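Novice: could you work out the structure for the sequence below:
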Amino acid sequence: MSNLLERSFKTLEQLAVHPEGQTVSMIAATLDMPLSATHRLLAELCRCGYVRQVKEQGEYVLTIKLVSLGLSFLSASGVVDVAQPLLDHLAEESGELVRLAVVDGDDLTFVAKAQGARRGLRYDPDMGLSVSLSCSSAGHAWLSTMSDEEALQLVAKQGFGQPKDFGPNAPTTVNALLGYIHTARKRGFATISEVFSPAMSAMAAPIRSPSGTIGVVTIAGPLIRLTEARMEELSNALIGTAEDIRAASGASAMFKKRA
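Specialist: Here you go, the predicted structure:
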């Protein structure tokens with residue numbers, strides 16, 4: 001049963017990064033599964049409503065059922081209702097993209113955002129399922145709240161990102177990553193430049209509770225605007241927003257369990 005569940009989730013994850021769809025043979029080859037077993041699994045996922053087949057080409061694509069489940073969960077948890085006004089205010093003040101990520105076990109996941117850029121370049125990447133810990137300001141901010149050993153264990157589990165997939169300054173060694181973590185721990189917030197993406201920078205502050213870190217607030221934008229000096233100017237507002245969300249977290253069922 002566990003093997004079947006693992007194959008099911010890996011298939012859903014595979015289709016999530018291929019919105020154009022994939023054939024059964026593509027999925028089987030990528031996930032190293034027998035063709036017949038892959039076909040049966042896809043048929044079952046179609047029956048349950050999580051996947052559908054594009055009849056003309058034969059590709060399988062995700063339906064919006066998973067998205068609906070996630071949105072229903074967030075709505076019921078109250079996390080967006082609590083955080084959105086605070087994110088909106090910070091986005092207006094910074095003029096950049098502001099996002100909230102919450103800690104979920106060993107993962108950090110973006111759940112809400114506010115866009116402050118009204119003209120010119122707008123940085124607005126896909127939300128994604130999980131934050132890259134080694135190559136993001138959100139990841140560095142969260143890791144800075146742990147011991148070095150705990151932080152490196154989480155990164156080892158997820159793996160280092162590579163510059164070809166992220167930005168040219170993406171850390172690929174333990175020492176390079178620890179440099180970012182130690183700086184973030186000392187300052188109380190993390191900053192990156194051309195780490196997650198070329199020509200982009202970002203900053204992040206952890207949302208701390210008595211029982212541990214419950215999330216992270218980030219500001220991200222084009223390097224031409226979000227310079228190191230500008231990030232320093234915004235640091236108090238960023239940290240203040242993280243503290244405001246922590247103070248209001250009791251109104252959210254999701255945060256209440258972590259606070």
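Novice: next, count neighbours for residue 224.
Specialist: 11 (other Cβ atoms under 10 Å). Every C-beta, even on glycine, is put in place using the N, C-alpha and C of the backbone.
Novice: so which strand or helix has it?
Specialist: For residue 224, there is no host helix or strand (DSSP states H and E).
Novice: now stretch 169-187: average pLDDT?
Specialist: In this model, stretch 169-187 has a mean pLDDT of 97.
Novice: got it, and stretch 30-46?
Specialist: 92.
Novice: got it, and stretch 65-73?
Specialist: For stretch 65-73, mean pLDDT rounds to 67.
Novice: stretch 225-242 now?
Specialist: 97.
Novice: next, the buried residues of that stretch.
Specialist: Neighbour-count burial for stretch 225-242 flags 226, 230-231, 234-235, 237-239, 241-242 (criterion: 16 or more other Cβ atoms under 10 Å).
Novice: what stretches of the stretch 101-250 of the chain score poorly on pLDDT?
Specialist: 117-129, 250 (pLDDT under 70).
Novice: show the end-to-end separation of stretch 25-38, please.
Specialist: 8 Å (Cα to Cα, to the nearest Å).
Novice: other residues contacting it?
Specialist: 7, 10-11, 14-15, 22, 24, 41-42, 60 (Cβ atoms under 8 Å, 6 or more residues apart in numbering).
Novice: off-centre distance for that stretch?
Specialist: 28 Å (Cα atoms, centre = their mean, to the nearest Å).
Novice: ditto for stretch 47-62
Specialist: Computed by Cα atoms, centre = their mean, the chain-centroid distance of stretch 47-62 equals 26 Å.
Novice: show residues contacting that stretch.
Specialist: Looking at stretch 47-62 with Cβ under 8 Å, 6+ apart, the contacting residues turn out to be 11-12, 15-16, 19-24, 27, 42, 45-46, 63, 65-66.
Novice: so among these, which ones count as buried?
Specialist: Here, 16+ other Cβ under 10 Å leaves 11, 15, 21-24, 27, 42, 45 buried among those.
Novice: from those, which two are the most distant?
Specialist: Spatially, the most separated pair among the buried ones among the contacts of stretch 47-62 is 23 and 45, at 14.6 Å (Cβ to Cβ).
Novice: sorry, back to before: can you lay out the buried ones among the contacts of stretch 47-62 as JSON lines showing secondary structure?
Specialist: Listed next are those as JSON lines, based on DSSP: H, G, I helix; E, B strand; the rest coil:
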{"residue": "11", "secondary structure": "helix"}
{"residue": "15", "secondary structure": "helix"}
{"residue": "21", "secondary structure": "coil"}
{"residue": "22", "secondary structure": "strand"}
{"residue": "23", "secondary structure": "coil"}
{"residue": "24", "secondary structure": "helix"}
{"residue": "27", "secondary structure": "helix"}
{"residue": "42", "secondary structure": "helix"}
{"residue": "45", "secondary structure": "helix"}
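Novice: looking at those, which is nearest residue 152?
Specialist: Closest to residue 152, out of all of the buried ones among the contacts of stretch 47-62 and judged by Cβ to Cβ, is residue 11, at 30.8 Å.
Novice: what about residue 225, distance to residue 231?
Specialist: 10 Å (Cβ to Cβ, to the nearest Å).
Novice: next, the contact list for the residue nearest to residue 92 when sequence neighbours are not counted, please.
Specialist: Spatial nearest neighbour of residue 92, chain neighbours left out: residue 116 (5.6 Å); criterion: Cβ to Cβ, 6 or more residues apart in numbering. Residue 116 sits next to 90-98 when contact means Cβ under 8 Å, 6+ apart.
Novice: quick check: residue 116 vs residue 222, distance?
Specialist: With Cβ to Cβ as the criterion, residue 116 and residue 222 are 12 Å apart.
Novice: now residue 230
Specialist: For residue 230, the distance to residue 222 - Cβ to Cβ - is 11 Å.
Novice: now the strands for the stretch 151-259 of the chain?
Specialist: In the stretch 151-259 of the chain, the segments counted as strands under DSSP state E, counting those that start in this stretch are 190-193, 200-209, 212-222.
Novice: same check on the stretch 1-150 of the chain?
Specialist: Using DSSP E, counting those that start in this stretch, strands in the stretch 1-150 of the chain cover 51-53, 60-62, 97-104, 107-115.
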